[in-house]
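Asker: Pasting a predicted model and its sequence here:
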Amino acid sequence: MEHYCYLFEAKSIQTYLLATNRLKEIVGGSELVETLTADGGLLDTTLKICDSEFSASRRGGGAAFLFTKDKDARNRLAALWPLLVQRYAPDLEFVQARGEGATEKDAFERAHTGLLADRNRLTARLPQASPLAERSRRTGEPAVKREKTQKEGDKEPIDAVTKRKLIKDFRTGAELAKRFDPASSNKDWPVNLNPADAGEDDEPQEKLFPFIGDNRTIALVHADGNGLGELLRNLKVLTDDHPSPYLEIYRGFSEAVSQATQRAAQHATAEVLAPHRKDGTYPARPVVLGGDDLTILVRADLALPFTRCFLLAFAKFSRQELEARATELGIEGFPTRMTACAGIAYAKATQPFYLLHQLAEGLCKHAKEKAKDKDSRGSSPDKVPSTLALHRVTTSFLDRYQDILERELTVGTLRQTLECYSLDPAANLPDMDKLLELQRLMSQPGIARGPTRQLLGLVGRSPEQAQRHYKRWREVMGERYRDTLDQFDTLLEELGVEHPDGDLPYSDPGPDHVCRSPLGDLLTLSSVGNADVLNTQEEPAVQQPQESAA
C-alpha cells in the first residue's frame, strides 16, 4: 500500500514578526504563527474538511509533516491549506512539498527533496500594488486601512499584515505566553513598549513594558539547539534498520526536543523573570518558541540571567526527555542529549527589532561556530558545549556581527571581547561564570567601571597611553585593594588572559594574530545593569557610573 506525505514549513518567521517596532504587532504575529499548526487551530479545522486520517511526525512552530494512505485526501490538503494560510497569515512565506512511496519513510524522503528545492524558489507576491497606492509608513507595503493614533485627528495607514496582527484575538498573545507560564494570562505580559503606540481599539489592561525608571534598554535573545542536523541524520540511519516505527521515532524525537525547549523556557521564566514582575507584569515578551528555537525580548538587566538559566535547563531537560522517549520506544541508539547556543543583542527599545534579530542570530551563529571547534570541546570531544555571545549596540548603524568584531571591537591586533563564553567548565572556552565573578568583583565599593571605559577608549586612540593608564591603575589598586587585585589577576588567568604585570589585559595572539580581552564584555554587563546571577537581588538596580578610587 502506498503512503502519501505532505510537508509544510513557514520560513523567515522572525522577519515576519519583527517587521515593525511595535510590540503589539510582534505579539500579534507570534500568535498568528503559533495558532497556525497548534492543537485546535487552523490545521485541525482543515484536516477535518479533508475527511481522512492523518498522522504527523512534526507539528508546531509553523510547520507540519503529515502522512496518510489516502492520496485524494493528501491532494485536497495540498490544494486547500496554502490558500487558507495566505488568508489567515497574509504575506507569511512558506515552503511545501508532496511525496509518496511504499513506506512512510520513502514518501518523506521524496517530499523532503522537494521541500529543499522549494526553499530556493522565488514566489511572486500577488496582487501587486499600483504606483499610486498609499503605503504604510512603517513597512512600505500598500495600505489597506487607516489606524487612529494618539495625535488627535491623525490616522496612520497600515498594510494587510499589520491589520491582521492587530486583531484583538491575536495581539494579546495569550497562547504563546502560556507556553512560558501556563498560569499566566494576557494581563501578565506587556503589550506596549511605548504609550504613544496606543491605537483606537486599545484597552486599559494592555500593559506597558516594565522598564526600571528611565532606562529603556532591552535585549533580544535568540537561542538555537546544537547539532540538530547531525541528530536527524543519525535518526535516518536508525530507521534504516527499523522501517516500521519510522513515524514513531521521528515523532518521539520532535516531541522530546519541543518539550525540553518549553520546559527550559518555563524554568527560566519562573526562576529569573517571575521574581522581577512589576505590578504583576513580566519584564519580557515571548516572540518565538518552537522546536529547538527560542526568541524573546527581555529587560536588559535580566537577559543574561534568563539566557544562562535557559541554556542550562535545556541541556538537563533534553537529556530527560530524550532518554524517556528512548525507553518508551525501546530503541537503542536514540539521541540522549542536546545543548544549545544563544546570542544576546542589547539596544535601546527604539532600535529596529528586525535588525536586532539579525544581530542576535549572528551572535548565536558565532557562538555555535566557536562551540563546534574541535579544540573547544575540552574533555567532552563528543559534545558541543552550551555557549553564548553578547553585544551592546552603541551606534546608530547595525551590521553583521563579524563586521562589528572587525570594525568596532578591534583596534590593530587588540580585540575588546572574548567573543564567546561557555557554560560548560570542561570546555576549552572562556567560562561565563568567571566573567560574572569578575563583574561582581569590579562592582565592589571604590571600584567602578569608569577606569575600564577610559582604558578601552585609550586603546582605540593610543595603546601606549592606555598601557600607562593601566599600569597606574594597578599601582593604586595594589596600594589600596591588594586582595582585590590578586583576585582580578586570578580571574583573568582563568579566562585565558595571562599578562605580565603592567601589560594590557589581553590574551596571547590567536591563530588570527588577534589578542582578546574580557574588558569590553565586562563593560557591556555593567552598562546594562546586569543582575548578579550568582547572587540575584530581589530587584536589581541599574548601576550608575561612579568615580574610581584610582
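Answerer: Structure's in. What do you need?
Asker: Can you find the helix or strand of the chain with the lowest average pLDDT?
Answerer: Ranked by mean pLDDT, DSSP states H and E, the weakest helix or strand in the chain is helix 450-461, scoring a mean of 70.
Asker: The helix or strand just after that one: which residues count as buried?
Answerer: Using DSSP states H and E, the next helix or strand after helix 450-461 towards the C-terminus is helix 463-480. Residues 463, 466, 467, 469, 470, 473, 474, 477 are the ones in helix 463-480 that count as buried (16 or more other Cβ atoms under 10 Å). For glycine as for every other residue, the C-beta is placed from the backbone atoms N, C-alpha and C.
Asker: likewise stretch 232-249?
Answerer: 235, 238, 239, 245, 246, 247, 248, 249.
Asker: how far does that stretch stretch from start to finish?
Answerer: 11 Å (Cα to Cα, to the nearest Å).
Asker: For stretch 528-547, give the mean pLDDT please.
Answerer: Mean pLDDT, stretch 528-547: 53.
Asker: Spatially nearest residue to residue 181, not counting backbone neighbours?
Answerer: Using Cβ to Cβ, 6 or more residues apart in numbering and skipping the chain neighbours, the partner closest in space to residue 181 is residue 269 (5.4 Å).
Asker: Surely the one you found touches residue 180?
Answerer: Yes: taking Cβ atoms under 8 Å as the definition, residue 269 is a contact partner of residue 180 at 4.6 Å.
Asker: residue with max distance from the center of this structure?
Answerer: For the chain, the largest distance from the centre (Cα atoms, centre = their mean) belongs to residue 479, which lies 44.4 Å off.
Asker: any idea how far residue 212 is from it?
Answerer: Using Cβ to Cβ, to the nearest Å, one obtains 36 Å as the distance from residue 479 to residue 212.
Asker: Counting by contacts, list what the helix or strand that contains residue 27 packs against.
Answerer: Per DSSP H and E, residue 27 falls inside helix 23-37. Counting contacts by 3 or more Cβ pairs under 8 Å, 6 or more residues apart in numbering; DSSP states H and E, helix 23-37 packs against helix 13-17, helix 42-50, helix 71-88, helix 160-165, helix 168-171, helix 174-180, strand 284-290.
Asker: export the first one as CSV, just CAs?
Answerer: This means helix 13-17. The C-alpha trace of helix 13-17 is given here as CSV (Å, rounded to 0.1, in the frame of the first residue of the first chain):
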residue,chain,number,x,y,z
ILE,A,13,9.3,33.7,10.7
GLN,A,14,11.3,36.2,12.7
THR,A,15,11.4,38.6,9.8
TYR,A,16,7.7,38.4,9.5
LEU,A,17,7.2,39.0,13.2
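Asker: Now do it: distance to the chain's middle.
Answerer: On the basis of Cα atoms, centre = their mean, to the nearest Å, helix 13-17 sits 12 Å off its chain's mean C-alpha point.
Asker: The fourth one too?
Answerer: Taking Cα atoms, centre = their mean, one finds helix 160-165 lying 24 Å from the centre of the chain it belongs to.
Asker: Check which residues of that helix are buried.
Answerer: Buried, per 16+ other Cβ under 10 Å, within helix 160-165: 161, 162, 163, 164, 165.
Asker: Distance check, the third one against residue 142.
Answerer: Read it as residue 163. Noted for residue 163: a distance of 11 Å to residue 142, by Cβ to Cβ.
Asker: out of the helices and strands packed on helix 23-37, deepest packed?
Answerer: Among the helices and strands packed on helix 23-37, strand 284-290 has the highest mean neighbour count (mean count of other Cβ atoms under 10 Å), at a mean of 25.
Asker: That strand - contacts with which helices or strands?
Answerer: So strand 284-290, by 3+ Cβ pairs under 8 Å, 6+ apart, packs with helix 13-17, helix 23-37, helix 174-180, helix 246-268, strand 293-299.
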